[in-house]
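>>> Show me how the following folds:
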Amino acid sequence: MHVMKITSKMLYGELRSALGPLMKQNGFKSERAGRLGWGRPAANGHLTVFFQCDKWGWDENWGSKFTLEFEITPPDPQTGSKFERIGYLLEGFEELDDLRIRNNHVIARLPGTLNDGVVTAPLDDGTEAVVIGERADPEKAVYGRDLWLNYYSMEDVRAWAAYFAGNLLRFVSIFENGTKSAEGKARERFNRMMSNVQKTQNLAEKARIFEGFIASEMDPMFREGAEEWLRHLNGVIHERSAAG
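As a prediction, the model looks like this:
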């Protein structure tokens, strides 16, 4: 059976047709740099929104996938750009799980899925990682992840184009305004804590920073992450003490 290969050019063309007029109406201009993107001035620099295809291309068993990225480049290049992919931008928002469900529906119909062609390999922690193919995500999506959206046919591409036609401007607003969910704010607290840990070379001080965060943090995932780091640090402290 002949299967039509969906190239990145075909994906970008469909997305451009669906989203181009919408973006133009909202002050964006097309930006071409080997990917599909639009940009416009923002209060704190230049805002860019762009779609990026998987570099490995399209496969007759697994199709391909793409992601959506957002960036604000400040006037002063020394300041540093603000950059976020959609899987982290939507952390804690209901749209993240909606994307997971929609993507799972695509994965369920892939020839590789129907032929049970997924190949996995065990990791050190006992979980399995996908080496070849795609596997649906069974867990509700709450916390951020590097999210790539699958497609196999033009029907899939058109469905994604229609989805983003109805949601892209909201995602732009979330990014541009720095809107964070409770989970997103927890990640910011965790990142600030880790930055403070990295600034000191004193192991006991590092441990105190972890302990203070664990005592006050209400988000279970980031608290457990700090606990794991503290266990590792305490092991290092114990080893050095024994060696000394």
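>>> How many neighbouring residues does the residue nearest to residue 36 when sequence neighbours are not counted have?
Take residue 36 and drop its neighbours on the chain: the residue closest to it by Cβ to Cβ, 6 or more residues apart in numbering is residue 12, 4.1 Å away. Quick note: C-beta positions are derived from backbone N, CA and C, even for glycine. Using other Cβ atoms under 10 Å, residue 12 is surrounded by 19 other residues.
>>> The one 10 residues further on too?
Close neighbours of residue 22, defined as other Cβ under 10 Å, add up to 15.
>>> so what's it up against?
Contact analysis of residue 22 by Cβ atoms under 8 Å, 6 or more residues apart in numbering lists 165, 168-169.
>>> Quickly find the element holding it.
helix 8-25 (DSSP states H and E).
>>> and that helix, how far out from the chain's middle?
Centroid separation between helix 8-25 and its chain, computed with Cα atoms, centre = their mean, to the nearest Å, is 21 Å.
>>> Would you mark the buried spots in that helix?
8, 11-12, 14-16, 18-19, 23 (16 or more other Cβ atoms under 10 Å).
>>> Am I right that residue 143 falls within a helix?
No - going by DSSP: H, G, I helix; E, B strand; the rest coil, the assignment for residue 143 is coil, not a helix.
>>> And it, what's its pLDDT?
Note on residue 143: pLDDT of 96.
>>> Kindly report the same for the one 10 residues further on.
According to the model's per-residue confidence, residue 153 sits at a pLDDT of 94.
>>> what does residue 2 give?
At residue 2, pLDDT is 60.
>>> still on that earlier bit, which member of the buried residues of helix 8-25 is positioned nearest residue 35?
The nearest member of those to residue 35, counting by Cβ to Cβ, is residue 12 at 7.5 Å.
>>> about what we covered before: my guess is the residue nearest to residue 36 meets residue 38, correct?
No - using Cβ atoms under 8 Å as the test, residue 12 is too far from residue 38 to be in contact (12.0 Å).
>>> List only buried entries from the contacts of residue 22.
168-169.
>>> Just put the contacts of residue 22 in CSV and tack on distance to residue 67, secondary structure and pLDDT.
Listed next are the contacts of residue 22 as CSV, based on distance: Cβ to Cβ, whole Å; DSSP: H, G, I helix; E, B strand; the rest coil; pLDDT from 0 to 100:
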residue, distance to residue 67, secondary structure, pLDDT
165, 17, helix, 97
168, 13, helix, 97
169, 18, helix, 97
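>>> What is the nearest of the contacts of residue 22 to residue 237?
residue 168 (48.6 Å).
>>> could you dump stretch 4-19 to CSV, C-alpha only?
Output of stretch 4-19 as CSV, limited to C-alpha atoms (Å, rounded to 0.1, in the frame of the first residue of the first chain):
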residue,chain,number,x,y,z
MET,A,4,2.0,9.5,1.3
LYS,A,5,5.1,11.0,3.0
ILE,A,6,4.3,14.3,4.8
THR,A,7,7.3,16.5,4.5
SER,A,8,8.2,19.5,6.7
LYS,A,9,7.3,21.7,3.8
MET,A,10,3.8,20.3,3.6
LEU,A,11,3.4,20.7,7.4
TYR,A,12,4.6,24.3,7.4
GLY,A,13,2.4,25.1,4.3
GLU,A,14,-0.7,23.8,6.1
LEU,A,15,0.1,25.7,9.3
ARG,A,16,0.9,28.8,7.4
SER,A,17,-2.4,28.7,5.5
ALA,A,18,-4.4,28.3,8.8
LEU,A,19,-2.4,30.7,11.0
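>>> All set, thanks.
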